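Peer 1: need a 3D model of the sequence below.
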Amino acid sequence: MATKEESPVEDKDALDTLETEAKEFDKDAEIDRILKAFRLDAYAVLDLNPGVPESDIKLAYRKKSLLIHPDKTKNPSAPEAFDRLKKAQTELMDEKHRERLDEAIADARMLLIRENKWTVDSPELKTEDFAKKWRVKTREVLIDNELRRKRQMKAQMQEEGREQRKVDQDLEDRKRKRQHEQDWESTRDQRIDSWRQFQKSKSGDDKKKKKKLKPIG
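Peer 2: Modelled structure (predicted):
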């Protein structure tokens, strides 16, 4: 039985469909990878090795951002993945943040070496197993650093809160003092009049008492 041969147009449409599906698969895979990456490690989010130059960071961000941009895919998770990608790029382009991240990664490596009683020249450091353990240890160090940072921030906020309450109390005390002085000054004439009336009344009583005194003899 003879089969109908597909036309060149149909062949092109089929290839275009396959290509579109492949691109969507790549986009979905990259979005999934970003969302599963440890967000405290900006290198992991951008899928880069620590210590790469800024040019590599910019290039990686550009390629990935174009791939997963929410305007270019129907994946509902694209906006979140795009935001994480942008945040990671911003962190790595910040000199201080990147320095802290590099220090944490270096600390994780040294901790791993000490825990296993290796040296910096040990052959184990060149294995894939070490690379996996390093990533796990880096995660632990970054989490510990983040928890410490949050505790310090909380303590600082509490201290700032105490300082602010002290400032507010001082302001309230000064306000009450000013109000007391104003009230005292506003009743000055009344107090003077009352004192004069009291003195006048007292003087009248003294005169009456003198009149009642009988002469001696």
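Peer 1: which residues of this structure fall in helices?
Peer 2: 8-36, 42-46, 54-68, 78-93, 95-115, 128-186, 188-212 (DSSP state H).
Peer 1: possible to save these as JSON lines with distance to Asp121 and mean neighbour count?
Peer 2: Every residue, glycine included, has its C-beta placed from N, CA and C. Below are the helices of the chain laid out as JSON lines (distance: least, Cβ to Cβ, whole Å; neighbours: other Cβ atoms under 10 Å):
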{"stretch": "helix 8-36", "distance to Asp121": "34", "mean neighbour count": "13"}
{"stretch": "helix 42-46", "distance to Asp121": "25", "mean neighbour count": "24"}
{"stretch": "helix 54-68", "distance to Asp121": "28", "mean neighbour count": "15"}
{"stretch": "helix 78-93", "distance to Asp121": "30", "mean neighbour count": "18"}
{"stretch": "helix 95-115", "distance to Asp121": "10", "mean neighbour count": "15"}
{"stretch": "helix 128-186", "distance to Asp121": "13", "mean neighbour count": "12"}
{"stretch": "helix 188-212", "distance to Asp121": "89", "mean neighbour count": "9"}
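Peer 1: which of these sits closest to Ser122?
Peer 2: Within these, the stretch nearest Ser122 is helix 95-115; the backing value is 7.4 Å (Cβ to Cβ).
Peer 1: quick one: distance of that closest one to the chain centre.
Peer 2: 21 Å (Cα atoms, centre = their mean, to the nearest Å).
Peer 1: and the helices of the chain, which one's lowest on average pLDDT?
Peer 2: Lowest mean pLDDT of the helices of the chain: helix 188-212, a mean of 69.
Peer 1: tell me the centre residue of this structure?
Peer 2: In the chain, the centroid-proximal residue (Cα atoms, centre = their mean) is Lys150; its distance is 8.8 Å.
Peer 1: do you know how far that residue is from Val136?
Peer 2: To Val136, Lys150 is 22 Å away according to Cβ to Cβ, to the nearest Å.
Peer 1: what's the first-to-last distance across stretch 180-194?
Peer 2: 20 Å (Cα to Cα, to the nearest Å).
Peer 1: now do stretch 119-137
Peer 2: With Cα to Cα, one end of stretch 119-137 sits 17 Å from the other.
Peer 1: what comes into contact with it?
Peer 2: If you take Cβ atoms under 8 Å, 6 or more residues apart in numbering as the criterion, stretch 119-137 is touched by Ala44, Ala108, Arg109, Leu111, Leu112, Ile113, Asn116, Trp118.
Peer 1: Serialize the helices of the chain to JSON lines and add fields for distance to Ser122.
Peer 2: Output for the helices of the chain, formatted as JSON lines (distance: least, Cβ to Cβ, whole Å):
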{"stretch": "helix 8-36", "distance to Ser122": "31"}
{"stretch": "helix 42-46", "distance to Ser122": "24"}
{"stretch": "helix 54-68", "distance to Ser122": "28"}
{"stretch": "helix 78-93", "distance to Ser122": "29"}
{"stretch": "helix 95-115", "distance to Ser122": "7"}
{"stretch": "helix 128-186", "distance to Ser122": "9"}
{"stretch": "helix 188-212", "distance to Ser122": "89"}
